[in-house]
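Asks: Output the structure for:
(2 chains)
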There are 2 protein chains.
Amino acid sequence: MPSTALTFPDRAAHRAWLASQAALPRGFRVGATRFAFVPVETPKPAKMTITLIALERPTESFAAMFTRNAFPGAPILIGRQRLAEPTLGAVVVNNKISNVCAPGGVATAERVCAAAAAALGLSPRQVLPSSTGVIGWQLPAEAMLAQVPAATTALQSASILPAAEGIVTTDLYPKIRRADLAGGSIVGIAKGAGMIEPNLATMLVYVLTDLDIPRDELRAALAEAVEGSFNGMSIDSDTSTSDTVVALSSRQVPCPDRTAFRAALNRVCADLAEDVVRNGEGVHHVLRVRVHGAPDAALARAVGKSVVNSPLFQCAVCGNDPNVGRLVAAIGKLVGVVRPGLDLSRARLTMGGHVLYQDGAFRLDPAKEQALVAHLRGAELYASVAPADGLTFAPPIDFPPHERAVEIDIDLGCGEAGSTVLGADRSHEYISENADYRS
Amino acid sequence: MPSTALTFPDRAAHRAWLASQAALPRGFRVGATRFAFVPVETPKPAKMTITLIALERPTESFAAMFTRNAFPGAPILIGRQRLAEPTLGAVVVNNKISNVCAPGGVATAERVCAAAAAALGLSPRQVLPSSTGVIGWQLPAEAMLAQVPAATTALQSASILPAAEGIVTTDLYPKIRRADLAGGSIVGIAKGAGMIEPNLATMLVYVLTDLDIPRDELRAALAEAVEGSFNGMSIDSDTSTSDTVVALSSRQVPCPDRTAFRAALNRVCADLAEDVVRNGEGVHHVLRVRVHGAPDAALARAVGKSVVNSPLFQCAVCGNDPNVGRLVAAIGKLVGVVRPGLDLSRARLTMGGHVLYQDGAFRLDPAKEQALVAHLRGAELYASVAPADGLTFAPPIDFPPHERAVEIDIDLGCGEAGSTVLGADRSHEYISENADYRS
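Replies: Next up, the predicted model:
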């Protein structure tokens, strides 16, 4: 579970908590502006937000990890080059269009970087671009260039909330996590609710700190944190073309305890990852699958991913239906492909602490069925509400009422390695959200 | 597309066509019986059908392929042993409970085989068991044994339809395909609508022929046919614990042309595979993804599977929304993992014959968007109907109105190999079907 295990009785309580987490580390300013435009590909008007994350002084200490999708977006291609630059001074983010494989995509992203650089007194190569949204469409270059001054004017150094709100697409609420240590802080924000099974990074995540960590250490710490957080989750098994995690240090506060820094960064990233899953498109239940007793960690993670990405198991959980046969089927389909012949005779499965399977057979009866249903209901974030038009489902809440999850424990019984994977169920709200996402 | 490319104006037309395909090959009898029982695991009553497929005389010429899921059902464990038997005389099939990892599952299945054998004058090892349905529950042994005589009494040699109807679970309609050649015939039936991404076989498929093919040739022909049909499809990426394909020859008709036999068997299996996808749970659109220009056939198939199993692309197709960026994302997520660095700069994608992507960028405009929407609408089997309770969607038809598909062509531009994959979209009906399947 997240480091907090919070509950929120209503939206106002959640927003108040977000505000309490939002103080920016020293040395940063953020600002955002929202505007309307008409995409090249469709006559239907759309809206976009440009968000600026700026350092008071460019920093040598920056880190970034990007998607491994073989069709990366233009900002990913540029971002990989930026990693070799001596310093970074700002990040410019847009939502609505992800600038992936679009004609002239790299040139347009560079123009936006140049405009932001001019407004902030930087060189264009000190600006990292990020984009998220529809794949394939072209950025509205002229409209974006015209809006950069407004985003610059909005810059302030008090709260990260405008950035957390500015980068979202289908997210129901902004996501902020922080750790305070040694007189400084680490503050992270994330967007992402669909196309989430990151492969070395997640959608868009920005982690800001004023603690003074040299570039190489920051990059190593970020890689460790990402591996233990975003790489262990999936909402819908779809790896984005735009996944990006950025960490920036303004280096304004000495950091005597690097171990504590890494632990805090790990925690911020793990909490953000769970926030992303909990706020995933149509998510009614978070699934936490602890796999252990595996011959190696890679297989443990793959087993966990197979469970959380099983459409049938996802649907069963959505219906609070403990159809645990599908859990076994999802484990078996993965092991049958990647490790045929593995001895699973000592495997043992539990859900909510109740033993489902051991010694080669299921252990089910009506009383256990009732206990499993109770566990599922206890982890439910909301139930579907019949839509007014009969077809278009929308979540009835835009805050997370609790941080509970469906707790699944899988002991493969054939080794010492383990991994924990976060995932989600599959609902009518996901279908409605994605059957006509671009409208 | 299937070898027929039929359209059916209504249910009666479809049922009449099924009846026209249903004549049994010489030397076979089928019968089925349906009854109520109370599962061990829940007090809620359920219904089961027992189906018998019997040869007039036991045959040496039988073939079977089974799931590679690492938690196979008891009938799979028994079936693998039966492959070494000198002859087979009957198959006994039940639906509702799949007898997977259930306490005492193998012993119960053997008791059912023994009862069927006694009724048919066979030895128990001449009977192959098959089960499909809920995973983990126990077969109702006493109720099943009591019903075997009724199934035996129902045996007849005119039509395979009672078996095609007897083996279904969530299927909307029975599936029968036939080929007539050399004075004999090949007739196949299939069940399966969910948990469909077979790995060396699909749910339950039985192919009967009177053409005289020796065992070894039949087994080789079946392996070839399965690889080109059931192994190239996915409804929901979930590989069943019970996948089984059986082929039986009564050897009553000489078969001079083995090449023609293999071609006919391939066609029957390919048509049944497409029937299974078209009748998949909640399927509004069949997706046919032709991948070519690949360095090898395995990568081509994996790319096709990645596309048809992408939840986001599936939802977009369901909404007749040509969100083709998700198509590229699904290709890229797979290639980025299994073949990073592969040169995709010459990749070219089309949908319904319209070029979406070539020379490294999308080729989209409002006119093409309209054409793509028209292609999607033309391939739609049905649209969702708002449910009376606001939540529980059900397909408004129980027949396939046409055999059209969303036609996607992916030229990876980096080789000579190819593969065609069949898949389906993702809809509210799938969610409703699977959120409380066992009720």
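Asks: Report how many residues lie close to residue A:394.
Replies: By other Cβ atoms under 10 Å in any protein chain shown, 15 other residues sit near residue A:394. Where C-beta positions appear, they are placed from N, C-alpha and C, glycine not excepted.
Asks: sorry, that was for residue A:54
Replies: Neighbourhood size, residue A:54 [other Cβ under 10 Å]: 25.
Asks: just the helices in the stretch 151-300 of chain A please.
Replies: Ranges of helices in the stretch 151-300 of chain A, per DSSP state H, counting those that start in this stretch, are A:161-166, A:215-227, A:258-278, A:297-308.
Asks: now these in a markdown table, with distance to chain B and mean pLDDT?
Replies: Converted to a markdown table, these look like this (distance: least, Cβ to the nearest Cβ, whole Å; pLDDT from 0 to 100):
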| stretch | distance to chain B | mean pLDDT |
| --- | --- | --- |
| helix A:161-166 | 22 | 96 |
| helix A:215-227 | 15 | 88 |
| helix A:258-278 | 15 | 88 |
| helix A:297-308 | 9 | 94 |
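Asks: Of all those, which one is nearest residue B:47?
Replies: helix A:297-308 (29.9 Å; Cβ to Cβ).
Asks: Just after the closest one, pick out the following helix or strand.
Replies: Counting by DSSP states H and E, the element after helix A:297-308 in chain order, helix or strand, is helix A:311-318.
Asks: can I get the helices of the stretch 151-300 of chain A in a markdown table with mean neighbour count and distance to residue A:100?
Replies: Compiled in a markdown table, the helices of the stretch 151-300 of chain A are given as follows (neighbours: other Cβ atoms under 10 Å in any protein chain shown; distance: least, Cβ to Cβ, whole Å):
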| stretch | mean neighbour count | distance to residue A:100 |
| --- | --- | --- |
| helix A:161-166 | 24 | 20 |
| helix A:215-227 | 19 | 21 |
| helix A:258-278 | 22 | 20 |
| helix A:297-308 | 23 | 24 |
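Asks: With distance to residue B:133 as extra columns, can I get those helices in CSV?
Replies: Output for the helices of the stretch 151-300 of chain A, formatted as CSV (distance: least, Cβ to Cβ, whole Å):
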stretch, distance to residue B:133
helix A:161-166, 47
helix A:215-227, 40
helix A:258-278, 31
helix A:297-308, 21
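Asks: Relative to chain B, which residue of the stretch 101-250 of chain A is the closest?
Replies: Of all residues in the stretch 101-250 of chain A, residue A:135 sits closest to chain B, at 2.4 Å by Cβ to the nearest Cβ.
Asks: How about the stretch 201-350 of chain A?
Replies: residue A:325 (2.4 Å).
Asks: Could you check which helix or strand contains residue A:30?
Replies: When elements are assigned from DSSP H and E, residue A:30 belongs to strand A:28-37.
Asks: near chain B at all, the helix or strand following that strand?
Replies: Using DSSP H and E, the helix or strand that follows strand A:28-37 in sequence is strand A:46-59. No. On the criterion Cβ under 8 Å from any Cβ of the partner chain, strand A:46-59 is out of touch with chain B, staying 13.7 Å away.
Asks: tell me what the following helix or strand past strand A:46-59 is packed against?
Replies: Moving toward the C-terminus from strand A:46-59, the next helix or strand (DSSP H and E) is strand A:62-66. Strand A:62-66 makes packing contacts with helix A:74-82, helix A:215-227, strand A:244-253 when contacts are defined by 3 or more Cβ pairs under 8 Å, 6 or more residues apart in numbering or on different chains; DSSP states H and E.
Asks: Tell me where the model's unsure across chain A.
Replies: Counting by pLDDT under 70, chain A contains low-confidence ranges at A:1-3, A:194-203, A:437-439.
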